[in-house]
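[1] I'd like to go over a predicted model; first the sequence, then the structure.
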Protein chains: 2
Amino acid sequence: MSAIRHCAIIGGGVIGGGWAARFLANGLDVTVFDPHPEAERRLREMVALGTRSLRRLVAAPLPPEGQLRFAGSLAEAVAEADLVQESAPEIEHVKQRILAEIDHYAKPTALVCSSTSGLLPTRISSEMAHPERFLVAHPFNPVYLLPLVELCGGEHTDAASIERAQAFFAGIGMHSLHVRKEIDGFIADRLLEALWREALWLVHDGVATVAEVDDAIRFGAGLRWAFMGTFQIYRLAGGEAGMRHFMAQFGPALKLPWTKLMDVPDLTEAFLDELAAQSDAQSGEWGFRALEAKRDDCLIGIMRSLQSQGFGAGNTLAAYEKKLREGQKPVEPLRLYEGTVAQDWVDYNGHMNESRYLEIFGYATDALLARIGMDDAMLARGFSYYTVETHLRHLGEITGDERFVSTTQIIGHDTKRIHLFHRLHHDDGRLLATGEQMMLHVDTAKHKACEAAPEVLELLSALAAAHRGLPVPSEAGRGIGMK
Amino acid sequence: MSAIRHCAIIGGGVIGGGWAARFLANGLDVTVFDPHPEAERRLREMVALGTRSLRRLVAAPLPPEGQLRFAGSLAEAVAEADLVQESAPEIEHVKQRILAEIDHYAKPTALVCSSTSGLLPTRISSEMAHPERFLVAHPFNPVYLLPLVELCGGEHTDAASIERAQAFFAGIGMHSLHVRKEIDGFIADRLLEALWREALWLVHDGVATVAEVDDAIRFGAGLRWAFMGTFQIYRLAGGEAGMRHFMAQFGPALKLPWTKLMDVPDLTEAFLDELAAQSDAQSGEWGFRALEAKRDDCLIGIMRSLQSQGFGAGNTLAAYEKKLREGQKPVEPLRLYEGTVAQDWVDYNGHMNESRYLEIFGYATDALLARIGMDDAMLARGFSYYTVETHLRHLGEITGDERFVSTTQIIGHDTKRIHLFHRLHHDDGRLLATGEQMMLHVDTAKHKACEAAPEVLELLSALAAAHRGLPVPSEAGRGIGMK
């Protein structure tokens, strides 16, 4: 089966927009069809936030961004696609019709997926001529950050289509959960819906406000659910004796009337007004885009934190980064400075003093700056790069008359800054120290940061582009602390 | 009302043990009564993990740990207590009896709280002579880390008791949620229970395994619930149009059969065996204590990450740390090194070269080491402190012949390490740079870390104790990065 390089997205709402961001950031071309007059503006805004957020999350080189196009019709949108992701409204007959149309216009080799949160794949694919290449791929908002995707085939879905989807979604950093039984709401939304119904009752009955219900989650159990599900959490709540003990202890409480065991509250106008008003009050100070960006930044922090713990969604992220790095050609850091330790660099401990490590890395930085055109003439024009931060790690010792080699890797840059990672090696190859530095381009007369000259940025970008293929050192960005 | 300094804990299981850890780490004395023969051993293990975890979480000086005692009877346990926290089994008549007994033996001024997850306060306090000083204070496991505590009074509870509890729990770093309507399961456990019932059905009906149900949470919605509840998350899922739009879009799905709208599955032996077996399989590689410690470390990472985002439980933590710091007497960092910038320390940029900053901080470190007995004799015995990490931040410029002053603060230490924070000031008071360092005590002949001599540790501990009153610099522990 051919590789998936081009994706069509049918329906450009919050879910379609989230898919677009994830696909584009992974170097896939995307064509969107959505007849809503505001669709393109909204989707471009979502993609802007989504690609920014995914880039913040992933500490590995993402491929060059894919091309985004908008098509005037469904037929045009799916014509070239290797994967069609349907994200239309959650109405069975609408999805049936759209999926039949996708099936008609898409290439025979295209995989067709639906983002439905809970409609049955057999039913929504019932009008497709080729349901064997169809499955549900149900993501979670924001689609570009949350790793989970539930995969659920219908009666006619080929096992090969499921496998193809699993490989594809893993490749773009997702965690597939294969829902083996076709069931309304699949697994995740049955759980979410149960909690959501109870939440609606609590507000409906005046027990708690929208904000109180949310606080009851995010200051308590929600903090745990970010990395362990209910079963594993309860296993620990059972103490040493485990799950059997927990069930013996809390099983009886299941018979207590702790949930509203009935249908949902009537969504009357009055109740909906109350909900909306409370929701407005809860988010009062935050505009929609600001709250969305804050949500993303919290998720990024949580997932990176879980990665450093080697747990849950952090492992999905680590596997994704590893895969991204494997795809890169080998590149070497720059070998910019080498020499011999002078005898007067040795201190009372009998080896090179710590400040000399920084002196050596300073020479390496100067050599790098020379390569990007920061010469005497530029200095005379009143421009320089100043070090604003340094993080040194000492891993070995070197003493007088021994040889050393310093290498330098560019791990980030923008128009004002260069983020460097130096390594000092003994000439026998041992790593002696690392030095991470942030350099800031300054107007030396005004003592203020300013953008570097275009010719400097051009040379810098070329070096940085080459270094994008190097693994980002796992130590980069780390702080000092006692565990 | 008198301050709460002494707490009694009745019932030393997972919840009672969690309370003990939180109370002790906050400097409160704790007396425990639990008739189980293994209670003391288990509780001490829980307290060991809990105090370790809370200290990892909180970047501010916690007071000296409280005293832990075990009492031979309930009467003895509660005699001196200002607060009694009942954490007995979740059985109504058991709680009724225990609470009546507590009421009988406790001081009249003592506040009495129950940890019940969902029993009604009016009912469980029905045999108390003084129910006005009683309320539910329902925490979440692990109690020493999760900030949420639901407070719910009964019909006879005084408003003053609720207020006293709110002030007390805020003081030990918790977020109180006042449950204003007495309702089975309060707010949080109604939500948790709804999800839990659905989870049990999914396993019972063979739709998913325990591990799959958990994955459906922790790779998706659970990551969001760590900082935003269901309502705010759904508000964002509605796109720009907000909550009303979300309800219009997804309200109809509430009528779909996405949950089991009925009672719980029968907890037959066969079903319980299946649950326990799946739970064992899920956690297979992890022992109980290891999994518990991993859970804590994930929570710590998440809450510290949310603190840097200024959101949700991160704000609770920040307020707690602020309060802890306010309680401290003013202390000054050590002024260990000062001097004049030599002309040959000035580089081509016209100000002191970066490596000289580290040289100055190195002299300050040497002065500190001299104060704790790391003299020539100790060096001759083959012991020294080596710098293993340094993080410099440059905030200003200084040039030849100008005066500088360096100060040093000890922000952490153990038997092998010293975590230092230097500041370099211009003599006009401007902060020029900060230098965070980790020093490691080494056996210089073996080139290996080892514990420092007792006389060194004694001097170091005394200096460190004085510095515990200084605010921990917000820059400490930070990494270098481009936002």
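    Thanks, I have it.
[2] what helix or strand does A:His406 sit in?
    In this structure residue A:406 is Ser, not His. Using DSSP states H and E, A:Ser406 sits within strand A:403-413.
[3] whoops, A:Gly314 was the one
    In the assignment (DSSP H and E), A:Gly314 maps to helix A:313-326.
[4] before we move on, the earlier item: ok, is the strand holding A:Ser406 in contact with chain B or not?
    Yes. Strand A:403-413 comes into contact with chain B (Cβ under 8 Å from any Cβ of the partner chain), by way of A:Gly412. No exception for glycine: its C-beta is placed from N, CA and C like everyone else's.
[5] tally of neighbours for the nearest residue to A:Thr340 once chain neighbours are set aside?
    Once its chain neighbours are removed from consideration, A:Thr340 has its nearest residue in A:Arg403; the separation is 5.5 Å (Cβ to Cβ, 6 or more residues apart in numbering or on different chains). When neighbours are defined as other Cβ atoms under 10 Å in any protein chain shown, A:Arg403 has 13 of them.
[6] cool, and A:Ala465?
    Each residue near A:Ala465 was counted by other Cβ under 10 Å, and the total is 12.
[7] how about the secondary structure of it?
    helix (DSSP: H, G, I helix; E, B strand; the rest coil).
[8] now do the following helix or strand past the strand holding A:Ser406, average pLDDT.
    Counting by DSSP H and E, the next helix or strand C-terminal to strand A:403-413 is strand A:417-426. This predicted structure assigns strand A:417-426 an average pLDDT of 95.
[9] neighbouring contacts of strand A:417-426?
    Contacts of strand A:417-426 with the rest of the structure, by Cβ atoms under 8 Å, 6 or more residues apart in numbering or on different chains, involve A:333, A:357, A:360-361, A:364-365, A:368, A:385, A:396, A:398, A:402-413, A:431-441, A:460, A:473, A:476, B:480-482.
[10] the longest helix in chain A is where?
    Secondary structure assigned by DSSP state H gives helix A:288-309 as the longest helix of chain A.
[11] could you chop chain A up by domain?
    A:6-186, A:189-326, A:334-467 (automatic domain parsing).
[12] for the helix or strand that contains A:Ile233, name the packing helices and strands.
    Take DSSP H and E as the rule and A:Ile233 turns out to sit in helix A:230-237. For helix A:230-237, the elements it packs on are helix A:242-250, helix B:188-204, helix B:210-216, helix B:269-283, helix B:288-309, judged by 3 or more Cβ pairs under 8 Å, 6 or more residues apart in numbering or on different chains; DSSP states H and E.
[13] buried residues in that helix?
    Neighbour counts over helix A:230-237 (16 or more other Cβ atoms under 10 Å in any protein chain shown) mark A:Thr230, A:Phe231, A:Gln232, A:Ile233, A:Tyr234, A:Arg235, A:Leu236, A:Ala237 as buried.
[14] which one of these is nearest A:Gly314?
    The nearest member of the buried residues of helix A:230-237 to A:Gly314, counting by Cβ to Cβ, is A:Gln232 at 15.4 Å.
[15] now the nearest residue to that closest one once chain neighbours are set aside: how far from B:Thr157?
    With Cβ to Cβ, 6+ apart as the criterion, A:Gln232 has its nearest non-adjacent residue at 5.5 Å, and that residue is B:Asp214. B:Asp214 sits 37 Å away from B:Thr157, going by Cβ to Cβ, to the nearest Å.
[16] using the three-state scheme, assign A:Glu45.
    Classification of A:Glu45 by three-state DSSP places it in helix.
[17] do I have it right that it meets A:Arg289?
    Yes. In terms of Cβ atoms under 8 Å, A:Glu45 counts as a neighbour of A:Arg289; the distance is 7.4 Å.
[18] and the helices in the stretch 351-483 of chain A?
    Remark: helices of the stretch 351-483 of chain A, listed N- to C-terminal, are A:354-371, A:376-380, A:454-467; assignment by DSSP state H, counting those that start in this stretch.
[19] pull out the buried residues from the last one.
    Neighbour-count burial for helix A:454-467 flags A:Val456, A:Leu457, A:Leu459, A:Leu460, A:Leu463, A:Ala464, A:His467 (criterion: 16+ other Cβ under 10 Å).
[20] is that helix in proximity to chain B?
    No. Using Cβ under 8 Å from any Cβ as the criterion, no contacts between helix A:454-467 and chain B are found, and the smallest distance is 11.8 Å.
[21] can you check the first one too?
    Yes. Legend: contact between helix A:354-371 and chain B by Cβ under 8 Å from any Cβ is shown at A:Glu354, A:Ser355, A:Arg356, A:Leu358, A:Glu359, A:Gly362.
[22] tell me the two of the residues you listed that are most distant?
    Checked with Cβ to Cβ, the residues of helix A:354-371 next to chain B reach their widest spread between A:Glu354 and A:Gly362, with 13.2 Å between them.
[23] these two: which is more packed in?
    Neighbour comparison, A:Glu354 and A:Gly362: the larger count goes to A:Glu354, with 24 against 21 (by other Cβ under 10 Å).
[24] and the more buried one, what does it touch?
    If a contact means Cβ under 8 Å, 6+ apart, then A:Glu354 has A:Leu392, A:His394, B:Leu358, B:Gly362, B:Thr387, B:Thr390 as its contacts.
[25] nothing else from me, thank you.
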